[in-house]
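S.K.: show me the folded form of this:
(chains A, B and C)
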Amino acid sequence: MRDVAVIGIGMTKWGELWEKSLRTIFVETALLAIDDAGVDRLDSMVVGCMSSGLFIGQEHLTSLLSDYLGKNPVPAARVESACSSGGLALRQGFIEVASGMSDIVLVGGVEKMTDVTGCEATYALGTAADQEYEGYHGLTFPGLYAMMAVAHMHKYGTTREQLAMVAVKNHENGSKNPLAQFPFKISVEAVLQSVLVADPLHILDCSPITDGAAAVILCPADMAKKMKKPVVRITGSGQATDTIALSSRKDMAWLESTHLAGQKALAMAGQKIGDIDLFEVHDCFTIAEIMITEALGLVERGRGGKAVEEGLTALKGKFPVNPSGGLKAKGHPVGATGVAQAVEVVKQLRGEAGERQVKGAKRGLTQNMGGTGGSSLVHVFEAD
Amino acid sequence: MPNPSKYWREIPQRYRLEAGKCTKCGFIAFPPRLVCPQCGNRKFEKTKLVDSGTILTFTIIRVPPHQFEDQAPYAVGIAELDDGVRLTAQIVDCDSGVLKIGMRVRIEFRKIYEEGAAGVIYYGYKFVPA
Amino acid sequence: MAGIVGYGAYIPRNRIKVEEIAKVWGADAPGYKKGLMLEEKSVPSPDQDTITMAVEASKNALKRAGIDPKAIGAVYVGSESHPYAVKPSGTVLAEAINATPEVHTADLEFACKAGTEGMFIALSLVQVGAIEYGLAVGADTSQGAPGDALEYSAAAGAAAFIFGKDKVVAEALQTYSFTTDTPDFWRREYQYYPQHGGRFTGDPAYFKHITGAAEGILAKAGMKPADFNYVIFHQPNGKFPFRVGEMLGFTKKQIEPGWLVSKLGNTYSASSPLGLTATLDISKPGDMILIVSYGSGAGSDAFVFRVTERIDEVKALAPRTRDLLDKNKVYIDYGVYAKYRRKIRKAE
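M.R.: Prediction:
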């Protein structure tokens, strides 16, 4: 297996992009990554997108996006694992380069979510759950995560305020990210006073509906060195699946797939969790970030709430989590998120993160998750 | 276009809680499956879930998916039935203050939703306080 | 001898008081309460309908019957509020109780007596030996037009009876049906609410048919009112059953145990059937029970039952009718009632 480097990154401002279609959003973003990499060809494309079919009635993105990028006849793949489609695309691209199958691979993630109503978007996102035995009964994603929060609060005493603090921290970071959908600060009171979506989660506990894309260019590390680019390598990739239905999990207050994927990625990278300088994780809901920090081993099981309260995961804390603003402030165009996490980590490891730079960052980790934890993708990055 | 086939296929589960019990390790699969997730065995015998249990977690959905628009807000929960199987369903006939982890529930046959005034009526199981 | 092998009831928990309805329409609540002897009525939740209540009542009947549901050879659901105009309530019920596929099913309609019609058919099939067990359910989520007198009484409930020849808890000694064409109360297809003939629904309708069926069955059975421990009449309001009972020579004491209407409302096809389940709940071996239903259009079905020793083994196996009626109630106001009963016009 060859060493794999990220030599180009691209991301445009995320939000409700009324004037831009999915193909436009993707191509603009991909071009930024291609130009950043300075490459003139692509050997392969991997696109992560959860549900262009339900959101805009469009499938066959492999053809559409390679066409509009002007890259036909490049081989292309579109991968899906709900909200971890982006992370899965990253892994597939990584495998293609590491295996020697391709040299220059474009990995992109995109989602266009605002061409449907809020209820229709809720339905589309709900297809990440068990349609016949969760969705059929009226469950939504906020509903499922709310039940995880209730279980976690009951088991460990995690508080409503601690959940809100995750959102506050991520907005604090996001206010320093010019590409974020919501680049402003919020308070704990604002979270708790915002409208309830599924008790105990308020709207400000939930990541938003967003249009956006992110892209990276991968190539063998040797090629990157020859191109005189700052070399940031992907040193570890891990993936794990878990049951589709929340009710089938052994422990509903624990993310086993993240735990296993994290272990695999770190083992491949030859690192321990304590060696990592920053983390971009899947805070689709505030409770998710708390449970993810436990599953990755940043804190002891059950102590995720206390950790955010104590500032452990703040930008200047011991384990900076979501310096980009996370899904909460940056936005969550579902299929794009996993790739955007990689964009942020690479930016940080290149020292280009401006106001939200984690000082002296050498290693970063991304964790992207699908559904209520039915799939997890973890990648470890290191700057040479 | 109505699609009754997806609903009709699950009727033995929706109406009668029919499940499969692994002949090797006793794992109860609801809905029934072809492969036991616990031991990998491929043989099951027919069984039925029991209709009473205890609530493990719950929430109240206030922003519903479009088919449930007129029902919001509604409570949903995961109960551990007395045979050890966990089930997800709405919790109804529940006054505020009664809904809590550990409450006992039993199963009742109820309407889940209708496809408008002219479409199919979907039935299934819900939890009521025992 | 054939008879009832198992019986079960189901009543939704929501209640609305007469005063609450009268307040909205500026009507005379004390007048309704005194004149019709009505206090409150049951209201189905939005996720309940004739089918869901029929399923729960039937499950209760099965608990008392103690039989294999596959042995049920016929399933009849009588209602004037079947959820579908075309597609039987009976097939959903038969699937839900696991009686399919070897079973005959039909939906029945005859205003408020569709429940006892099913009982008559199921009993008859058992008597001739065509089936081993037959299930008959009367269930309704009746609608009363806003502001109309019937809005105060139109209620929801279900009663289920399993008939058979062995394990009988109440033997069916006699049946009788009295039918004429009398347009006292009706609903045309595609109409949301029924219409009625006002005072015409009294003497030429309710009273004529109930007395016709009661006198007919007493003559056929060679019995008189005093021979009965209990009598149940159809209950469109609180007054009519006592009035017709007096006309026929029955006492208040005989009527009271099965008289649910003042707290339940008129559950239409379940009205006299629920009166029967409530009576069975308190009956003793050897008791003689007369039930006379009434359905507008018009007709009455009458049955004479004699309670057996087995009644005491089954009473406690499922919820008692009076417990369903009196316990676990929740009161709603007219706004919630109108929302639940789809009386509010929503966007298309």
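S.K.: what's next to the helix or strand where residue C:123 lies, contact-wise?
M.R.: Following DSSP states H and E, one finds residue C:123 within helix C:114-127. Applying CB atoms under 8 Å, 6 or more residues apart in numbering or on different chains, the contact partners of helix C:114-127 are C:2-3, C:73-74, C:76-80, C:106, C:108, C:110, C:131-139, C:159, C:161, C:163-165, C:172, C:175, C:177, C:269-273, C:291, C:293, C:295, C:301, C:303. Where C-beta positions appear, they are placed from N, C-alpha and C, glycine not excepted.
S.K.: quick one: contacts for residue 224?
M.R.: By default, I'm working from chain A. A:5, A:7, A:231.
S.K.: hm, I was asking about chain C
M.R.: Going by CB under 8 Å, 6+ apart, the list of residues near residue C:224 reads C:218, C:249.
S.K.: do that again at 10 Å, thanks
M.R.: Shown in contact with residue C:224 (CB atoms under 10 Å, 6 or more residues apart in numbering or on different chains): C:218, C:248, C:249.
S.K.: skipping its backbone neighbours, what lies nearest the second one in space?
M.R.: Among residues not flanking residue C:248 along the chain, residue C:214 sits closest, at 5.3 Å (CB to CB, 6 or more residues apart in numbering or on different chains).
S.K.: would you mind listing the buried residues in the helix or strand where the one you found lies?
M.R.: With elements taken from DSSP H and E, the one containing residue C:214 is helix C:208-221. The neighbour-count criterion (16 or more other CB atoms under 10 Å in any protein chain shown) identifies C:208, C:209, C:210, C:211, C:212, C:213, C:214, C:216, C:217, C:218, C:221 as the buried residues of helix C:208-221.
S.K.: picking that back up, take the contacts of helix C:114-127 and keep only those in strands.
M.R.: C:3, C:73-74, C:76-78, C:106, C:108, C:133-139, C:159, C:161, C:163-164, C:172, C:175, C:177, C:291, C:301, C:303 (DSSP state E).
S.K.: still on that earlier bit, can you put the contacts of residue C:224 in CSV and add pLDDT and distance to residue A:97?
M.R.: Listed next are the contacts of residue C:224 as CSV, based on pLDDT from 0 to 100; distance: CB to CB, whole Å:
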residue, pLDDT, distance to residue A:97
C:218, 98, 94
C:248, 98, 94
C:249, 98, 97
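S.K.: just those now: which is nearest residue A:257?
M.R.: Proximity to residue A:257 was ranked across those by CB to CB; first place goes to residue C:248, at 73.1 Å.
S.K.: what about stretch C:318-336 and chain B, any contact?
M.R.: Yes - using CB under 10 Å from any CB of the partner chain as the criterion, contacts between stretch C:318-336 and chain B involve C:328, C:330.
S.K.: give the buried residues for that stretch.
M.R.: For stretch C:318-336, using 16+ other CB under 10 Å, the buried residues are C:318, C:319, C:320, C:321, C:322, C:324, C:325, C:332, C:334.
S.K.: chain neighbours aside, what residue packs nearest to the third one?
M.R.: The shortest distance from residue C:320 to any non-neighbouring residue, by CB to CB, 6+ apart, is to residue C:281 (4.6 Å).
S.K.: the one you found: which element?
M.R.: Assigning secondary structure by DSSP H and E places residue C:281 in helix C:271-282.
S.K.: same thing with residue A:214?
M.R.: Counting by DSSP H and E, the element that carries residue A:214 is strand A:212-220.
S.K.: cool, residue A:47 as well?
M.R.: Using DSSP H and E, residue A:47 sits in strand A:44-48.
S.K.: now do that strand: which elements does it pack against?
M.R.: Under the contact definition 3 or more CB pairs under 10 Å, 6 or more residues apart in numbering or on different chains; DSSP states H and E, strand A:44-48 sits against helix A:22-37, helix A:61-68, strand A:76-79, helix A:85-98, strand A:105-111, strand A:212-220, helix A:337-350.
S.K.: how about those, which one is nearest residue C:62?
M.R.: helix A:85-98 (48.3 Å).
S.K.: what is the orientation angle of the closest one with strand A:212-220?
M.R.: Taking axes from the mean of the first three to the mean of the last three CA atoms, to 10 degrees, one finds helix A:85-98 and strand A:212-220 inclined to each other by 20 degrees.
S.K.: what about helix A:85-98, distance to the chain center?
M.R.: Relative to the centre of its chain, helix A:85-98 is centred 13 Å away, using CA atoms, centre = their mean, to the nearest Å.
S.K.: return the angle between stretch directions for it and strand A:44-48.
M.R.: An angle of 160 degrees separates the directions of helix A:85-98 and strand A:44-48 when computed by the same axes, to 10 degrees.
S.K.: so what's the residue count around residue C:206?
M.R.: For residue C:206, the neighbour count with other CB atoms under 10 Å in any protein chain shown is 26.
S.K.: distance of it relative to residue C:116?
M.R.: Separation of residue C:206 from residue C:116 (CB to CB, to the nearest Å) stands at 15 Å.
S.K.: quick revisit: show me the contacts for the residue nearest to residue C:248.
M.R.: Neighbour list for residue C:214: C:176, C:178, C:225, C:231, C:233, C:244-245, C:247-250, C:290, C:292, C:300, C:302 [criterion: CB under 10 Å, 6+ apart].
S.K.: residue B:23 too?
M.R.: Listed by CB under 10 Å, 6+ apart, the contact partners of residue B:23 are B:36, B:39, B:41, B:42, B:43, B:44, B:45.
S.K.: ok, and the closest non-adjacent residue to residue A:52?
M.R.: With sequence-adjacent residues excluded and distances taken as CB to CB, 6+ apart, residue A:52 is closest to residue A:58, at 4.7 Å.
S.K.: need the pLDDT of that neighbour.
M.R.: What the model reports as pLDDT for residue A:58 is 97.
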